[in-house]
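*Asks:* Compute the structure for the input listed below.
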Amino acid sequence: MPSSFSRDAARVAGAAAASAAGAALTLAALNALVNRTAPPPQDPLGIAPHLYAWTAGDVSYSVSGKGPAVLLLHGIYAGASSYEFHRVFPLLAQHFRVFAPDLPGFGLSARPAKDYQPDLYVQFIHDFVQQVMGGVDHPVHLVASSLTCAFAVRAVVARPDLFERLALIEPTGIDQLAQAPNPTQRFIGKLLRAPLVGTSLYNLLVSRPSLRFYLKQQAYHDKTDVTDDIVDVYYAMAHQPNARYAAASFIGGALNLNIADDFALLTQPTLLCWGRDAVQSPIERAEAFLERNARAELAIFDHSSGLPHDEEADDFAVQVRNWLRAGISTSRY
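*Replies:* A predicted model of the protein is given here:
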């Protein structure tokens, strides 16, 4: 006969197992509900996108305009897509042939369940420029945002013949997002990739309240710009199948890239674009880039935070247009 202690232990273990199973079923049901009720994504830039059959997965991109080719590369974060350029895209397309892809793992592009690394994006930039934009015959201009700037700089240094002039929006890779991930970051990245718990945590991260909070506190200077429509776009993009994998790599630090040496090697004229009130990447960080390359200049947007190309799209388009054409006169802050 089992002892009273053994019987009690068995009852506790059974209750714990039942509780865990119930919690797992609840999480699974909630995740399924979120997936079922997520709205379908719209075309990020309001025009029918094209499809580039890339070796690592199909890539969705929009293209418009005539003239010198310009590549727009959105930033890396949960819910990211080429929608980031929705205001400036048509303005630049009045003067250039503008290409705006959804980066692999984001938006309407393929989102394979994998651990994303910087080399993937560097290779994508090279391939897209050569195979879609014709950069082998005519170097292209490049406009990139936040962490993607680091991938872009690495790509330009490796193949300078493909690129002509650069505009980098609040780049990282020297003082910020340049270090290898610490153990805590790596653990969080792995946790987000876990099937049940990871999906649940990710759904909390990209809930409408969380996205609204992030956009108001980190992305926009004028909080009234964060409308329900904008939140809905980010929510839809963040809830595409497997969208959490690229986000997990970002949050887990796997996409950090140190470009201090690369930036010093750039031979292309480079315009740094910074929102005066940037929170995630404060304007003081621009000095580290300016000190490393004499070809870099700085344009400041006084009424912007993290998205000057969205908050001050008209001014941004004029300054970038002039820079890509012939360069502009700017001054340090």
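
*Asks:* for the strand or helix carrying Ser200, what is the average pLDDT?
*Replies:* With elements taken from DSSP states H and E, the one containing Ser200 is helix 197-205. The average pLDDT within helix 197-205 is 91.

*Asks:* Which strands and helices lie in contact with it?
*Replies:* Judged by 3 or more Cβ pairs under 8 Å, 6 or more residues apart in numbering; DSSP states H and E, helix 197-205 is in contact with helix 4-37, helix 183-193, helix 243-251. Where you see a C-beta, it was placed from the backbone N, CA and C, and this is true even at glycine.

*Asks:* where among those is the average confidence lowest?
*Replies:* Mean pLDDT values for the helices and strands packed on helix 197-205 show the minimum at helix 4-37, a mean of 46.

*Asks:* and after that one, which helix or strand comes next?
*Replies:* Toward the C-terminus from helix 4-37 - assigned by DSSP H and E - lies strand 50-54.

*Asks:* Show residues contacting that following strand.
*Replies:* 58-63, 101, 104, 110, 124, 127-128, 131-132 (Cβ atoms under 8 Å, 6 or more residues apart in numbering).

*Asks:* Please, where are all the helices along this structure?
*Replies:* 4-37, 89-92, 118-131, 147-158, 183-193, 197-205, 208-214, 228-238, 243-251, 260-265, 286-292, 308-311, 313-326 (DSSP state H).

*Asks:* could those helices be laid out in JSON lines, adding distance to Gln280 and mean neighbour count?
*Replies:* Shown next, in JSON lines, are these (distance: least, Cβ to Cβ, whole Å; neighbours: other Cβ atoms under 10 Å):
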{"stretch": "helix 4-37", "distance to Gln280": "26", "mean neighbour count": "11"}
{"stretch": "helix 89-92", "distance to Gln280": "23", "mean neighbour count": "22"}
{"stretch": "helix 118-131", "distance to Gln280": "19", "mean neighbour count": "19"}
{"stretch": "helix 147-158", "distance to Gln280": "10", "mean neighbour count": "24"}
{"stretch": "helix 183-193", "distance to Gln280": "16", "mean neighbour count": "15"}
{"stretch": "helix 197-205", "distance to Gln280": "16", "mean neighbour count": "18"}
{"stretch": "helix 208-214", "distance to Gln280": "10", "mean neighbour count": "16"}
{"stretch": "helix 228-238", "distance to Gln280": "16", "mean neighbour count": "19"}
{"stretch": "helix 243-251", "distance to Gln280": "13", "mean neighbour count": "24"}
{"stretch": "helix 260-265", "distance to Gln280": "19", "mean neighbour count": "16"}
{"stretch": "helix 286-292", "distance to Gln280": "13", "mean neighbour count": "18"}
{"stretch": "helix 308-311", "distance to Gln280": "13", "mean neighbour count": "26"}
{"stretch": "helix 313-326", "distance to Gln280": "18", "mean neighbour count": "18"}
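
*Asks:* just so I know, which of those helices lies nearest Ala48?
*Replies:* helix 89-92 (13.9 Å; Cβ to Cβ).

*Asks:* How about residues contacting the closest one?
*Replies:* 45, 62, 64-65, 70, 72, 82, 98, 100, 313-314, 317, 320-321.

*Asks:* just these now: which is nearest Ser145?
*Replies:* Looking across the contacts of helix 89-92 and measuring by Cβ to Cβ, the closest to Ser145 is Leu72, at 8.3 Å.

*Asks:* Show the contacting residues for the spatially closest residue to that closest one that is not a sequence neighbour.
*Replies:* With Cβ to Cβ, 6 or more residues apart in numbering as the criterion, Leu72 has its nearest non-adjacent residue at 4.2 Å, and that residue is Ala100. Taking Cβ under 8 Å, 6+ apart as the criterion, Ala100 is in contact with Pro44, Leu45, Tyr61, Ser62, Val63, Leu71, Leu72, His74, Ser82, Phe85, Phe89.
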